[in-house]
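Visitor: Provide a 3D model corresponding to the input given below.
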Amino acid sequence: MKATRRAFVQSAAAATIAAPAVVGTSARAAQELVFVGFGGAYQEGQTKAFFEPFERETGIKIVQTTGVELAKLRAQVQSKNVEWDIISLPDRLRYTAQHDGLLEKLDYARLDTKDLLSETVSEFCVGGITFATQLTYNKEALPGGAPGNWQGFWDTAKFPGRRGLFSGPVNILEFALLADGVPKDKLYPIDVARALKSLDKLKRDAVWWSQFPQAGQMLLSKEIAMTPWTRGPGLILEGRPIGVSFDGAAISYEGWVIPKGSKKFDAAMKFIAFALQPERQAELTKYVVFGPTNKKAFPLVDPKVMALLPSAPENFKQGFLVNGDWWGPNLTKVTEQFNEWRLK
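Guide: From the prediction side, this is the model:
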């Protein structure tokens, strides 16, 4: 898409003899939206559930790329050379993007949000999917039974077995506070010192991982017995000996946003309205185990899948919503504190 737009600008500046070609290119560009995503199975699922049917219905093509980075978005907005038109942005990045003026306000007159999870709807962002980090364990590595909550996860005497931990502070600090007796509705603002003191109890025997596939490999090989993780439901559906608990699960969301200065605002709003439809959200669950934000999608999802999704009413009630408004301005500082603690 970069090359197409650059070619258009160069053609327009070249000579009047090129005018017919410019009109053709402009017409085609008007029928395109550039989406930047995270790639992998998730983006493949988005293609099947959203992009291809949207193009069939509207004639507007979704040109895809990968590499969701706020630095790139900031550079585009500041240079007024915005190349992206649609992003599905995690809430933890949404705060910073909104704070830094990188997003357009959404036109809610064009969106039906009455059945959406209200926690995922804001001025600049509307929730597209929910996901959760929950207590995940290998049943075969815990013949005596698995813990059902984070207090049990921290109880190495009652539930022996190596614990896996992600090498970053987000969610881990909240779990440490829940294990220490902090109620779900009192997690924010996070008491970092108290959370790290709680983590001291696991630090010596923890197995640290940094890439999400690592955790699955460690669980299946029984290198670890349990870990906070996002992808346990997928392994359960594959028939693997994995179990999960949504008690105290950290639930978050990704929302559809439009970059500030996008010249395709109207088409982007049309796409967002399409992607929020319950049928579209239910279709996505056939490819990735992420929860719909539209409650009308729930009955359309395979019940076996729905039972493992974070937005299922019972699961959502058991978990807590990660506070992106707290993590956004605090992530850098808290990560430094967390890394210093790990080195002690």
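Visitor: how far does the longest strand anywhere in the chain sit from its chain's centre?
Guide: Counting by DSSP state E, the longest strand found in the chain is strand 242-257. Remark: strand 242-257 is offset 9 Å from the chain centroid, using Cα atoms, centre = their mean, to the nearest Å.
Visitor: show me what the longest helix seen in the chain is packed up against.
Guide: Determined from DSSP state H, the single longest helix within the chain is helix 324-343. For helix 324-343, the helices and strands in contact under the criterion 3 or more Cβ pairs under 8 Å, 6 or more residues apart in numbering; DSSP states H and E are helix 91-99, helix 172-179, helix 192-203. The way it works is simple: take the backbone N, C-alpha and C, and place the C-beta from them, glycine included.
Visitor: avg pLDDT for the first one?
Guide: Think helix 91-99. In this model, helix 91-99 has an average pLDDT of 92.
Visitor: helices and strands around it, which ones?
Guide: helix 70-79, strand 242-257, helix 324-343.
Visitor: what about residue 316, which SS state?
Guide: helix (DSSP: H, G, I helix; E, B strand; the rest coil).
Visitor: what's the burial count for it?
Guide: Using other Cβ atoms under 10 Å, residue 316 has 20 neighbouring residues.
Visitor: how is this structure divided into domains?
Guide: Per automatic domain parsing, the structural domains of the chain span 2-130+253-317, 132-252+320-343.
Visitor: leaving out chain neighbours, which residue sits closest to residue 123?
Guide: residue 105 (5.6 Å; Cβ to Cβ, 6 or more residues apart in numbering).
Visitor: quick check: that neighbour vs residue 276, distance?
Guide: Going from residue 105 to residue 276 by Cβ to Cβ, to the nearest Å gives 17 Å.
Visitor: more crowded one of those two?
Guide: Shown here are residue 105 and residue 276; by other Cβ under 10 Å, residue 276 has more neighbours (22 against 12).
Visitor: can you give me the pLDDT of the more buried one?
Guide: Residue 276 is given a pLDDT of 98.
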